[in-house]
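**Student:** Any chance you could fold what I've pasted below:
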Amino acid sequence: MNDALAIHIQNQVLIRPGKLNEDLKYNNKTFRHRQDYYEIIRYVDDYLNGKTNNRYLVLPGIRGVGKSTILYQIYEYLLKEKNISQTNIIYITGDNLKRMSNSPIMDGITTYLDIFHNATIETVGEPVFLLIDEAQYDKDWSNTGKIIFDSTKNIFMIFSGSSALELSYNADSARRLLKIPVLPLNYSQHLKLKYDYFKNDISKSITDLIFEKKIPEDNLESKILKIYSNLKDYDIKEWENFIQYGGFPSSFNQKQHEITKTVTDIIERVITVDLENIKGINGQTEYLAFQLLYFFALQNPGEISKGSMANHLDSNKMTINKILELLEKTQLIFHVEPFTSSAKRTTKSHKYYFATSSLKHILSANLGNANLEAKEAYMGKLLENFVASSFFNLKNRSDVMYNIYYDTNKKNVDFLIQKGLNTPIPIEVSFGKKDKSQIKTAMRKYKSDYGIIISNTTKNILKEDNIIYLPPQTFSFM
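**Tutor:** Residues are numbered from 1 along each chain as shown. The predicted structure follows:
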């Protein structure tokens with residue numbers, strides 16, 4: 001047995017309960033639970049009650065979104081709420097295993113079972129819980145999970161790690177694991193975690209308005225003001241700060257220049273660490289990945305051909321295409337396709353957006369661009385990214401089934417949202433005055449019953465001539 005590994009595993013099991021207080025607090029304030037925690041808890045409870053075979057969970061997500069905190073909270077739940085013995089729970093990280101004993105995750109697990117259960121994977125006789133963080137440091141992590149899943153029903157596993165996890169599991173493992181992406185915080189989640197804001201009872205009203213044309217009977221803006229008034233030490237600039245710096249829980253305890261450094265470091269580590277071991281990735285590819293991100297940060301939102309990107313960066317379309325695919329898998333960016341036939345969609349250019357508007361802002365700020373533009377125009381770009389990422393995340397978080405497209409019409413709106421085979425809903429985004437010509441043109445072209453303008457030109461939801469005006473802050477509670 002590897003002595004260094006054995007000592008490390010023993011320490012993790014015996015010391016971890018005493019570190020929970022440190023892991024789950026900052027300045028004597030206990031971290032609150034995000035929604036992903038409650039989803040995982042349901043799977044834990046169902047497993048303990050014999051109601052599910054989902055015992056191989058994978059939590060991929062951008063660095064800094066709070067995955068480690070979720071694992072600590074799951075550990076505490078098992079230990080204190082479910083009265084699971086500490087010897088039946090182990091939290092280990094792939095990077096510590098690699099650094100301290102140069103061991104793969106499988107060796108850490110078999111050593112743990114040997115020391116504390118005198119058993120192998122196949123012979124362990126009672127439920128144990130493996131909480132594996134930073135799993136991407138072991139290239140074979142997904143196969144390890146597959147082997148354990150096939151060998152016993154007495155092990156419940158959660159593998160967490162950076163979005164590089166998305167790049168490294170194969171189809172065979174995918175059939176067994178249940179993926180729960182941990183996405184950047186939306187505005188409602190941000191308020192909940194930072195201020196202990198209660199359950200969002202506004203979200204359904206907004207989704208009903210957007211997808212069903214149901215104007216709320218209650219005044220949502222009054223409800224939002226009441227929420228704000230009940231938040232202790234609420235900052236009047238909270239929403240604007242969120243658009244520029246939000247999405248990451250670490251921002252709660254940092255000044256703006258510290259958030260900028262943290263997020264910049266996150267981006268650098270995604271490219272230089274998470275992509276490091278991918279076949280075909282080299283220094284030149286990493287350089288192009290950075291250049292592409294800065295290119296998107298400085299661009300006005302719009303369709304960009306891969307050929308144009310290749311020319312701008314003095315590269316070729318094949319390389320650009322590969323880097324874009326990898327950047328999307330790391331969850332830094334996502335694309336929106338054109339509203340056209342399926343056959344044409346594969347040949348048309350895409351629009352690219354950042355996972356959060358804060359990523360766009362911070363990359364722009366690093367280049368000084370945020371200070372060069374008029375505030376109204378600049379905030380309009382951030383708002384469009386915010387709306388795009390809000391729809392993208394809602395699609396991944398909820399049961400609402402729809403697609404997001406961009407409008408190929410010459411006088412185009414920013415987005416077209418379509419549920420099933422329904423006529424698309426044109427959506428225009430603006431920060432400052434905007435005429436109605438684009439939304440009206442889109443409504444006529446697509447035979448839409450109504451269109452939506454998300455704009456700060458109104459403080460309340462308004463409906464005029466089948467056009468719904470939705471204030472950005474109200475939309476943020478979707």
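
**Student:** what's the longest helix along the chain packed up against?
**Tutor:** With secondary structure taken from DSSP state H, the chain has its longest helix at helix 375-397. The helices and strands touching helix 375-397, judged by 3 or more Cβ pairs under 8 Å, 6 or more residues apart in numbering; DSSP states H and E, are helix 238-245, strand 333-338, strand 351-354, helix 357-366, strand 403-406, strand 415-418, strand 425-430, helix 472-475. All C-beta atoms are positioned from the backbone trio N, CA, C, and that covers glycine.

**Student:** where's Phe295, which helix or strand?
**Tutor:** Phe295 is part of helix 283-298, with elements assigned from DSSP states H and E.

**Student:** Just the C-alphas of the following helix or strand past that helix, formatted as CSV.
**Tutor:** Remark: after helix 283-298, the chain's next helix or strand is helix 306-312, criterion DSSP H and E. Extracted in CSV, the C-alpha atoms of helix 306-312 (Å, rounded to 0.1, in the frame of the first residue of the first chain):
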residue,chain,number,x,y,z
LYS,A,306,-15.8,31.2,-38.7
GLY,A,307,-14.0,32.4,-41.8
SER,A,308,-14.1,36.0,-40.6
MET,A,309,-12.8,34.9,-37.2
ALA,A,310,-10.0,32.9,-38.8
ASN,A,311,-9.0,35.8,-41.0
HIS,A,312,-9.0,38.2,-38.0
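
**Student:** Could you pull up the mean pLDDT of stretch 110-128?
**Tutor:** The average pLDDT within stretch 110-128 is 96.

**Student:** Buried residues of it, list them for me.
**Tutor:** Across stretch 110-128, burial judged by 16 or more other Cβ atoms under 10 Å covers 110-113, 116-117, 119, 121, 124, 127-128.

**Student:** That stretch: end-to-end distance?
**Tutor:** End-to-end span of stretch 110-128 (Cα to Cα, to the nearest Å): 12 Å.

**Student:** what's near enough to touch the nearest residue to Tyr353 once chain neighbours are set aside?
**Tutor:** In space, Tyr353 comes closest to Ala388 once its chain neighbours are excluded; the distance is 4.3 Å by Cβ to Cβ, 6 or more residues apart in numbering. When contacts are counted by Cβ atoms under 8 Å, 6 or more residues apart in numbering, Ala388 is found next to 301, 336, 351, 353, 404, 415.

**Student:** separation between Ala388 and Leu394?
**Tutor:** 11 Å (Cβ to Cβ, to the nearest Å).

**Student:** what's the answer for Tyr169, then?
**Tutor:** Going from Tyr169 to Leu394 by Cβ to Cβ gives 25 Å.

**Student:** Looking only at neighbour counts, state which of the two leads.
**Tutor:** Tyr169 (21 against 18; other Cβ atoms under 10 Å).

**Student:** which residues touch that one?
**Tutor:** Contacts of Tyr169 (Cβ under 8 Å, 6+ apart): 58, 141-142, 177.

**Student:** Farthest pair within those residues?
**Tutor:** The most widely separated members of the contacts of Tyr169, counting by Cβ to Cβ, are Trp141 and Leu177 (10.4 Å).

**Student:** which neighbours do those two share?
**Tutor:** With Cβ under 8 Å, 6+ apart as the test, Trp141 and Leu177 both reach 159, 169.

**Student:** Of the two, which one has the most company?
**Tutor:** Each of Trp141 and Leu177 has its neighbours counted (other Cβ under 10 Å); Trp141 has more, 24 against 20.

**Student:** Need phi/psi at that one.
**Tutor:** Trp141 adopts backbone torsions of phi -60, psi -40, taken as degrees, to the nearest 10.

**Student:** Same check on the one 10 residues further on?
**Tutor:** Backbone dihedrals for Ser151, given as degrees, to the nearest 10, come out at phi -90, psi -20.

**Student:** chain center to stretch 231-240, what's the gap?
**Tutor:** Here stretch 231-240 shows a centroid-to-chain-centroid distance of 23 Å under the convention Cα atoms, centre = their mean, to the nearest Å.

**Student:** Could you do stretch 218-226 as well?
**Tutor:** Per Cα atoms, centre = their mean, the centroid offset for stretch 218-226 relative to its chain is 27 Å.

**Student:** contact partners of that stretch?
**Tutor:** So stretch 218-226 is contacted by 201-202, 205-206, 459-461, 471, 473-474, 477 (Cβ under 8 Å, 6+ apart).

**Student:** Then stretch 197-215?
**Tutor:** By Cβ under 8 Å, 6+ apart, stretch 197-215 touches 188, 191-192, 216, 218, 220, 223-224, 227, 231, 394, 398, 400, 402, 417, 419, 425, 449-450, 452, 461, 463, 468, 470, 474-475, 477-478.

**Student:** Mind listing what's buried along the longest helix of the chain?
**Tutor:** Neighbour count says helix 375-397 has 378-394 buried, by 16+ other Cβ under 10 Å.

**Student:** And the strands in the stretch 51-200 of the chain, which stretches?
**Tutor:** Ranges of strands in the stretch 51-200 of the chain, per DSSP state E, counting those that start in this stretch, are 56-61, 89-93, 128-133, 155-162, 178-179.

**Student:** Rebuild those strands as CSV, extending it with distance to Glu325.
**Tutor:** CSV is the format used below for the strands of the stretch 51-200 of the chain (distance: least, Cβ to Cβ, whole Å):
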stretch, distance to Glu325
strand 56-61, 16
strand 89-93, 28
strand 128-133, 26
strand 155-162, 17
strand 178-179, 18
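
**Student:** hang on, the earlier thing: in CSV, list the buried residues of stretch 110-128 along with distance to Ile155.
**Tutor:** Output for those, formatted as CSV (distance: Cβ to Cβ, whole Å):
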residue, distance to Ile155
Thr110, 12
Thr111, 14
Tyr112, 11
Leu113, 9
Phe116, 13
His117, 11
Ala119, 11
Ile121, 7
Val124, 7
Pro127, 8
Val128, 6
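
**Student:** any idea which of those is the one closest to Gln256?
**Tutor:** The closest of the buried residues of stretch 110-128, once distances to Gln256 are taken by Cβ to Cβ, is Tyr112, at 42.4 Å.

**Student:** ok, now which ones touch that closest one?
**Tutor:** Tyr112 sits in contact with 9, 13, 90, 92, where contact means Cβ under 8 Å, 6+ apart.

**Student:** Average pLDDT for the strand or helix carrying the first one, rounded please.
**Tutor:** For Ile9, the host element (DSSP H and E) is helix 3-23. Here helix 3-23 scores 91 as its mean pLDDT.
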